[in-house]
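**Q** Make a model of this:
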Amino acid sequence: MPRVLIVDDEENIRLVLRTLLRKHGYEVETATSGEDALARFESIAPEFVITDVRMSGMSGIELVQALGARGELAGHTDPGTSGAVVIVMSAYGSVELALEAMKAGAYDYVQKPFKQDEVLLALKKAEEREQLRREVKALKDEVKAQSRFEELLGKSAAMKKVFHVIDRAAEHRATVMIQGESGTGKELVARALHRRSPRANKPFVAVNCGAIPAGLLESELFGHKRGAFTDASSDRAGLFETAHEGTLFLDEVGEMPQPLQVKLLRVLQEGSLRRLGETKDREVDVRVVAATVRDLATEVAEGRFREDLFYRLNVLPLVVPPLRDRREDIPMLAEHFIERNNVRMKTKVRGLTANALKRLLAYGFPGNVRELENLIERAMVLADGEMLDEHDLPDKVIKEPSPLEMVLSSDDLSVKKATHAIEATLIKRALLKTGGNRTAAAKLLEISHRALLYKLKDYNIR
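**A** Numbering: from 1, shown residues only. Down below sits the predicted model:
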């Protein structure tokens, strides 16, 4: 039975409502004041609260505000908020107070002296609203679950392709080469591969090959024997041995110096390594996942990366798309970062306004998902309200993009459109620099005056 808490300082009102609601199948508890209701609220755990607006001591409005502050009020705007639904009662002439209570989070109000049918109808509407809210939340959770792949989020076709490759590649030992721009989540992809593989209960070890000095990287990867070099005061296992039977993630593998590339190739081919200073080999069973922002095929062609190592690493290539190529994932990612930061920062941001979301969808995100994450955190720190608005975003996001920026940040690879955008941008700059003098602008642009006039008309520049 739905549980209802009646809060009123008049005994006869409590008695009438308790009798009425029990008769219609509700479980009823009563409280004589707002303070009494708050003190017993957790133990009663009501689904609905019917409270008077005017009471001695704590008012009905203050009760609603207190429940909201404690997170025990079901929000009428956020389907994910749990708690009680509040209906307030107001005497004739105090409708303004009832409306104020609704602004604070109450769902509905009935006017005193009330008719029994009005109270029952208000409760019925509240029950239907709660049922709808639960259904919306269930659907929302289902969509989120379908769009989540380990720690990766995305519902775009580009990300679904990534998820499919991870799923198929995870069960095999073959080396995976992850390519993608900085900030796209290459390490998350590597971790997803590991967690879905038969090696999931074994170590996952990550190393950034570009962050460790070349002289130390060999010792870091393969280990060393005591006395192998000046600071080698004891025997030390390398990361390959640490990752035995698990996964070793070589991030920025394109930064690895060529002498070390030879030793890495040997480990991949033979499944054994030799620590620095030792003469015997040690067998290792490691699944290697590599990642790079570089075009390794070009690096091979220009002699900076070994061709045989490239083919050994590039058995299963996997390209992580930049955020600008999967803009439909931005709302979901932004919501995820808001929810996570609310827990970490103890904030109560509910989401993005339509204008803020519009700005994010139009922005190019050169830093990809990492930039979006940092941008959301910054906005939450600076935000005044419960919704992140466009004025909470940095200037680079809210400024209107130039035609050239719009072309370059889109998925359109038309050279013709890009050329037009560049020409229009340069013409506007030249006219601005010459104060609108078209003859001088044409000289700066190194085109004829007649060609400039044609382009001004063609690009609708005035």
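**Q** tell me the domain ranges of this protein?
**A** Here the domain parsing of the chain from automatic domain parsing is 3-144, 156-319, 324-398, 404-458.
**Q** mind putting those domains in CSV, mean pLDDT and mean neighbour count included?
**A** For every residue, glycine as well, the C-beta is placed using N, CA and C. What follows is the domains of the chain, written out as CSV (pLDDT from 0 to 100; neighbours: other Cβ atoms under 10 Å):
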stretch, mean pLDDT, mean neighbour count
domain 3-144, 85, 17
domain 156-319, 90, 17
domain 324-398, 91, 17
domain 404-458, 81, 14
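**Q** so the residue positioned nearest the centre of the chain, which of the three states?
**A** Residue closest to the average C-alpha location in the chain (Cα atoms, centre = their mean): residue 333, at 3.0 Å. Assigned by DSSP: H, G, I helix; E, B strand; the rest coil, the conformation of residue 333 is helix.
**Q** Report the separation between it and residue 152.
**A** Shown here: residue 333 relative to residue 152, a distance of 10 Å by Cβ to Cβ, to the nearest Å.
**Q** Please name the spatially closest residue to residue 91 (chain neighbours excluded).
**A** Leaving aside its chain neighbours, residue 91 sits nearest to residue 112 (4.5 Å; criterion: Cβ to Cβ, 6 or more residues apart in numbering).
**Q** was I right about the residue nearest to the centre of the chain contacting residue 370?
**A** No - if you go by Cβ atoms under 8 Å, residue 333 and residue 370 don't touch, sitting 10.8 Å apart.
**Q** can you give me the helices for the stretch 151-300 of the chain?
**A** Listed in chain order, the helices of the stretch 151-300 of the chain (DSSP state H, counting those that start in this stretch) span 157-170, 186-195, 214-222, 239-242, 258-270, 296-301.
**Q** got those as a markdown table, with distance to residue 319 columns?
**A** What follows is those, written out as a markdown table (distance: least, Cβ to Cβ, whole Å):
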| stretch | distance to residue 319 |
| --- | --- |
| helix 157-170 | 8 |
| helix 186-195 | 10 |
| helix 214-222 | 25 |
| helix 239-242 | 26 |
| helix 258-270 | 21 |
| helix 296-301 | 12 |
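**Q** nearest to residue 360, of those helices?
**A** Taking Cβ to Cβ as the criterion, residue 360 comes closest to helix 157-170 out of these, the separation being 17.2 Å.
**Q** which other helices and strands contact the closest one?
**A** For helix 157-170, the elements it packs on are strand 148-149, strand 152-153, helix 186-195, strand 316-319, judged by 3 or more Cβ pairs under 8 Å, 6 or more residues apart in numbering; DSSP states H and E.
**Q** Tabulate those in TSV, adding columns for distance to residue 355.
**A** Written out in TSV, the entries for the helices and strands packed on helix 157-170 read as follows (distance: least, Cβ to Cβ, whole Å):
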stretch	distance to residue 355
strand 148-149	27
strand 152-153	23
helix 186-195	30
strand 316-319	33
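**Q** who wins for proximity to residue 416 among those?
**A** Distances from residue 416 to each of the helices and strands packed on helix 157-170 were compared by Cβ to Cβ, and the smallest falls on strand 316-319, at 26.2 Å.
**Q** From the chain's centroid, how far away is the closest one?
**A** Its chain's average C-alpha position is 23 Å from that of strand 316-319, according to Cα atoms, centre = their mean, to the nearest Å.
**Q** Just the C-alpha atoms of it, please, in CSV.
**A** What follows is the C-alpha trace of strand 316-319 in CSV, where atoms were taken according to Å, rounded to 0.1, in the frame of the first residue of the first chain:
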residue,chain,number,x,y,z
LEU,A,316,44.5,-5.8,-35.2
PRO,A,317,44.3,-2.0,-36.0
LEU,A,318,41.6,-0.1,-34.1
VAL,A,319,40.9,3.6,-34.7
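**Q** How about residues contacting it?
**A** Strand 316-319 is touched from outside by 162, 165-166, 169, 172, 174-180, 189, with contacts defined as Cβ atoms under 8 Å, 6 or more residues apart in numbering.
**Q** ditto for stretch 220-236
**A** Outside stretch 220-236, the residues touching it (Cβ under 8 Å, 6+ apart) are 207, 212, 219, 237-241, 260, 263-264, 267, 273-278.
**Q** rerun that using 7 Å as the cut-off
**A** Among residues not part of stretch 220-236, those counted as contacts by Cβ atoms under 7 Å, 6 or more residues apart in numbering are 207, 212, 237-241, 263, 273-278.
**Q** Please identify which of the residues you listed is nearest to residue 358.
**A** Ranked by distance to residue 358 (Cβ to Cβ), the contacts of stretch 220-236 are led by residue 207 at 40.4 Å.
**Q** re earlier: and residue 23, which of the helices of the stretch 151-300 of the chain is closest to it?
**A** Comparison of these against residue 23 by Cβ to Cβ identifies helix 157-170 as nearest, at 54.2 Å.
**Q** Now do that closest one against helix 186-195, angle only.
**A** Comparing the axes of helix 157-170 and helix 186-195 via axes from the mean of the first three to the mean of the last three Cα atoms, to 10 degrees yields an angle of 40 degrees.
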